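J.: The following comprises the amino acid sequence and a computationally predicted model.
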Amino acid sequence: MTNRRHFIAGLLATGLVPAPTWADAGGPSYLAAAGLSDGSFSLCGIDRNLDIVFQLPLPGRGHAAAAHPTRPQAVAFARRPGNFAMVIDCLSGKVTARLETPDQRHFFGHGVFSQDGSRLYTTENDYSAGTGRIGVWDAKLGYVRIDEFTSGGVGPHDIKRLPDTDVLVVANGGIDTHPDSGRVKLNIPTMHPNLSYIEDRKIVEQVSLAPDLHKNSIRHLALGHDGLVAFGMQWQGGGTPPPLVGLHRRGEAISLLQSTDDMRGYVGSIAMSGDGNRIAVTSPRAGLVQVFDAVSRTQRDSIPFTDVSGVAPGTDGFVITSGTGKLQGLGMPSGPAKSLMWDNHLIDI
């Protein structure tokens with residue numbers, strides 16, 4: 001694969017071939033950050049057969065990544081609160097740009113491209129003001145920062161783009177943090193999570209949980225092809241946690257999905273199946289994967305899985321990763337663990 005990349009890169013320099021695509025980088029279907037046994041970190045491309053087609057170094061622990069919609073280019077984000085985001089040419093393996101937030105800002109580990117790939121949007125914390133911001137970066141000009149706008153809340157974490165549109169949906173977790181306090185949560189009594197839909201820099205719709213659920217931080221998002229938004233939450237209150245999975249469609253009310261299992265108040269990742277009929281959520285704290293029916297909105301399955309982390313749609317359901325090195329189809333026989341400690345997310349390209 002390395003020789004092929006160098007060959008194609010040489011042809012590109014002469015202008016003899018069209019611009020490269022993801023197929024030229026080995027045809028990965030997923031991106032995932034991982035830790036190695038020597039203490040280093042990497043970003044991996046994984047194909048539909050769950051083979052690693054590239055493994056590129058990162059300067060620190062990664063969280064999630066954003067895949068360019070056409071070019072073999074990935075933006076790897078540091079674990080929150082983080083200050084690095086690296087643009088990696090997955091064909092050559094070279095870092096082509098490094099994103100730096102303005103003063104008094106840090107990344108929250110997620111980003112998404114515009115429909116045409118010309119813009120990258122990143123979730124950020126303006127910790128001097130205690131508000132969320134969305135950074136805008138011009139991908140055609142080498143990822144120069146050109147704009148920013150409000151996220152619609154505090155502590156924006158995940159961000160997605162509704163299918164076939166440039167409408168952004170932002171998971172504002174509601175939690176205020178500051179680098180001087182590390183990962184300490186500063187406003188639990190007054191936190192107010194929401195989902196914000198943003199078009200052309202303007203909030204066009206916003207929905208929140210009921211007041212008694214204001215400590216349920218909305219963290220991660222998954223989208224159906226019809227615009228249905230599934231979201232996973234992390235409970236910051238005491239007692240028995242409320243439901244941690246919700247659904248929303250624009251113009252409708254939030255629907256919460258009841259669980260029969262104790263997820264320890266924590267959903268780490270969420271995904272929707274390719275047909276949009278099932279939702280899978282992981283909890284590394286509970287060592288469980290839950291599967292819900294998106295139509296009946298009931299729980300279908302609960303599968304024990306030690307230190308489970310990422311989840312993404314697969315050919316026959318879902319693919320999951322774990323901090324113990326597992327990378328496999330959900331419900332399939334467990335194969336040998338890889339010498340990688342997979343981090344939080346498995347990103348579907």
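T.: Yes, it's here. Numbers count the residues shown, from 1 in each chain.

J.: going forward, measure contacts between C-alpha atoms and count neighbours the same way
T.: Will do.

J.: Export stretch 161-177 to PDB, keeping only CA atoms.
T.: C-alpha atoms of stretch 161-177 as PDB (Å, rounded to 0.1, in the frame of the first residue of the first chain):
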ATOM      1  CA  ARG A 161     -24.700  17.500   9.200                       C
ATOM      2  CA  LEU A 162     -28.200  16.400   8.300                       C
ATOM      3  CA  PRO A 163     -28.100  14.200   5.100                       C
ATOM      4  CA  ASP A 164     -28.000  16.000   1.800                       C
ATOM      5  CA  THR A 165     -28.100  19.400   3.400                       C
ATOM      6  CA  ASP A 166     -25.800  21.900   5.100                       C
ATOM      7  CA  VAL A 167     -27.900  22.000   8.200                       C
ATOM      8  CA  LEU A 168     -25.700  21.300  11.300                       C
ATOM      9  CA  VAL A 169     -27.000  19.600  14.400                       C
ATOM     10  CA  VAL A 170     -25.000  20.300  17.600                       C
ATOM     11  CA  ALA A 171     -25.000  18.400  20.800                       C
ATOM     12  CA  ASN A 172     -24.600  21.100  23.400                       C
ATOM     13  CA  GLY A 173     -23.800  19.100  26.500                       C
ATOM     14  CA  GLY A 174     -24.500  22.000  28.900                       C
ATOM     15  CA  ILE A 175     -21.300  21.500  31.000                       C
ATOM     16  CA  ASP A 176     -19.000  24.500  31.600                       C
ATOM     17  CA  THR A 177     -15.300  23.600  31.900                       C
END
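
J.: check contacts around P284.
T.: 267-268, 306-309 (C-alpha atoms under 8 Å, 6 or more residues apart in numbering).

J.: Look up how far M272 lies from it.
T.: 18 Å (C-alpha to C-alpha, to the nearest Å).

J.: same question, F108
T.: 22 Å.

J.: Between these two, which has more neighbouring residues?
T.: Legend: neighbour count by other C-alpha atoms under 10 Å for F108 and M272, higher for M272 (29 against 25).

J.: quick one: buried residues of stretch 43-53?
T.: 43-47, 50, 53 (16 or more other C-alpha atoms under 10 Å).

J.: And stretch 201-211, by the same measure?
T.: 203, 206-209.
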